[in-house]
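>>> Quick one, structure for this:
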Amino acid sequence: MVKVAWVTPFPPDRNGGGGQIRQAHLLIGLAERASIHLVCPGPVVDPAVRHAVAVLTEVDAPGTAWRDRHRWLRQATGLAALVGSRQPREVRWFGRYRPALATAIEHLEADVVLVEWIGLAPLLPRHRTGRWVLTFHNLPSRMAAQQAAVMPHRHQRWLFQRDACTAVAFERRAAAAFDAVITCTAADATALGSRGTTLIVPNGVDVGRFRQVPQTTEPRVVFTGALYTAPNIDGARWFCLEVLPRIREGFPGVQVDVVGSRPTEEVKALGSLPGVSVHADVADVAPFLEAARVAVVPLRIGSGSRLKAMEAMAANRALVGTSIGLEGLGLQPGRDVLVANDPAGFAAATIRVLHDDALAASLAAAGRATAQQRFDWSPIATAFADDVLALAETGPEAGMGS
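As a prediction, the model looks like this:
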């Protein structure tokens, strides 16, 4: 049986954040056809993941001291470090995970080694056996450029533009060093521009997890996501501070639920705004989607594709998002979703769904059908397993190194 090592900074978990959900479904599918050694910070709490792996190595998770620092110190330190570094900000952030993982994989033996997130790219050994594959859950270069575009001050824009340039160079070096790379979307694959083997493995959704609850007439809006990441923090703040006041002009009683794990103080503060409730670390987002009239994906930063959008579609809820928030899903504006990129346009699109029962129902039905037909995890996991097993058969590339 093919031996696969799966190295990740975040435990695969069907009830975790987007990257954890993706890993869990792909790992479980691959485990039906390969023997998997999972290496990650513990604990692994998803019982299906624990059952699927043949060998589990849990390393100590890094401390939370950095996350718990005051916001101004965290930002100042992070921005200052952008200058003069050959590693992008995201890769440096992952540095806290690498020492323990490096020790755990020092004598790793596998036909294929799957390394999750570009932040773990420095773990690639100079001399190795097997095929080493790096998954780009997103491209730091694209995200840094997008973040530069929304920063309010010139020096912030300059720093993030510099980080984008640093990230492009790092991404290309990493892609060239690994035997193959995986991206979540064709757009990321094109931007990466790797000359080697590039596999596109899209994100999906567990459609069966979500019920088709009838549409509510209540003016309720929901935003879901990991509330500690820069794209979701920016998206939640942009929606609540710039879009919501315009919606309230037409629907004064509109209620907004911001739902997700580990919200920062910036996100928690949004709960003091009229009509906004922040729900931290909920066990299941499904009840919040079921209670909503419309789900929003107001992201201005991001690459890859958003599981939050697919979950809303699977839950039979109308969806409004930005072009970045809905990128990589191949959705048709006006039929599957409504798309707007400025506060006035986003507010107008949301008001249309809140006001028009027929529009809300048609968007929800189209989204649910699309989720069932194109985004179910089962065929995605099968195709992923096919790719991994094919890589195992070819053996390591001669002359590849870090």
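
>>> can you pull the buried residues of stretch 150-163?
Neighbour counts over stretch 150-163 (16 or more other CB atoms under 10 Å) mark 159, 160, 161, 162, 163 as buried. For the C-beta atoms, the positions are set from N, CA and C on the backbone; glycine is no exception.

>>> Could you list which of those belong to helices?
159, 160, 161, 162, 163 (DSSP state H).

>>> Name the nearest residue to the third one, ignoring sequence neighbours.
The reference is to residue 161. Leaving aside its sequence neighbours, residue 161 sits nearest to residue 148 (CB to CB, 6 or more residues apart in numbering; 4.7 Å).

>>> who touches the one you found in this structure?
Shown in contact with residue 148 (CB atoms under 8 Å, 6 or more residues apart in numbering): 156, 157, 158, 159, 160, 161, 163, 164.

>>> Report the secondary structure element holding it.
In this structure, residue 148 sits in helix 140-150 according to DSSP states H and E.

>>> Also residue 278?
If you go by DSSP H and E, residue 278 is part of strand 276-280.

>>> avg pLDDT for that strand?
On average, the pLDDT along strand 276-280 is 97.

>>> buried ones in that strand?
Per 16+ other CB under 10 Å, strand 276-280 contains these buried residues: 276, 278, 279.

>>> Over to stretch 385-393?
385, 387, 388, 389, 391, 392.

>>> doesn't residue 180 make contact with the fifth one?
Yes: Residue 391 lies in contact with residue 180 (CB atoms under 8 Å); the separation is 6.0 Å.

>>> what sits in contact with each of these two?
By the contact definition CB under 8 Å, 6+ apart, residue 391 and residue 180 are jointly contacted by 131, 133, 197.

>>> which of these has the most neighbours?
Within those, most neighbours by other CB atoms under 10 Å means residue 131, with 25 neighbours.

>>> any idea how far that one lies from residue 19?
22 Å (CB to CB, to the nearest Å).

>>> same question, residue 161
Residue 161 sits 26 Å away from residue 19, taking CB to CB as the criterion.

>>> by contact count, what packs against the next helix or strand after the strand holding residue 278?
Per DSSP H and E, the first helix or strand lying C-terminal to strand 276-280 is helix 286-291. Helix 286-291 is packed against strand 220-224, strand 255-260, with contacts defined by 3 or more CB pairs under 8 Å, 6 or more residues apart in numbering; DSSP states H and E.

>>> Check whether the closest residue to residue 49 other than its chain neighbours sits in a helix, strand or coil.
Leaving aside its chain neighbours, residue 49 sits nearest to residue 12 (4.8 Å; criterion: CB to CB, 6+ apart). Residue 12 carries the three-state label coil when classified by DSSP: H, G, I helix; E, B strand; the rest coil.

>>> isn't residue 12 right up against residue 23?
Yes: between residue 12 and residue 23 there is a contact under CB under 8 Å: 3.7 Å.

>>> who touches both of these two?
Each of residue 6 lies in contact with both residue 12 and residue 23 under the rule CB under 8 Å, 6+ apart.

>>> any low-confidence regions in the stretch 301-402 of the chain?
Where the stretch 301-402 of the chain drops to pLDDT under 70, the residues are 395-402.

>>> cutoff 90 now
With pLDDT under 90 as the threshold, the stretch 301-402 of the chain has low-confidence stretches at 303-306, 328, 393-402.

>>> same check, this time on the stretch 51-200 of the chain
Low-confidence segments of the stretch 51-200 of the chain, defined by pLDDT under 90: 61-90, 93, 107, 126-129, 152, 155, 194-196.

>>> any idea where the strands of it begin and end?
For the stretch 51-200 of the chain, applying DSSP state E, counting those that start in this stretch gives strands covering 55-59, 112-116, 131-136, 180-183, 197-200.

>>> So for residue 361, which of those sits nearest?
strand 197-200 (32.8 Å; CB to CB).

>>> List the buried residues in that closest one.
Within strand 197-200, the residues that count as buried by 16+ other CB under 10 Å are 197, 198, 199.

>>> want to try TSV for the residues you listed, with distance to residue 301 as columns?
Formatted as TSV, the buried residues of strand 197-200 follow (distance: CB to CB, whole Å):
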residue	distance to residue 301
197	28
198	23
199	25
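
>>> Let me know the closest of these to residue 184.
residue 199 (10.4 Å).

>>> can you pull the contacts of the nearest residue to residue 392 once chain neighbours are set aside?
Sequence neighbours aside, residue 111 is the residue nearest to residue 392 in space, at 4.2 Å (criterion: CB to CB, 6+ apart). Contact analysis of residue 111 by CB under 8 Å, 6+ apart lists 2, 3, 4, 130, 131, 392.

>>> Where helices are concerned, which of the residues you listed count?
Secondary structure from DSSP H places residue 392 of the contacts of residue 111 in helices.
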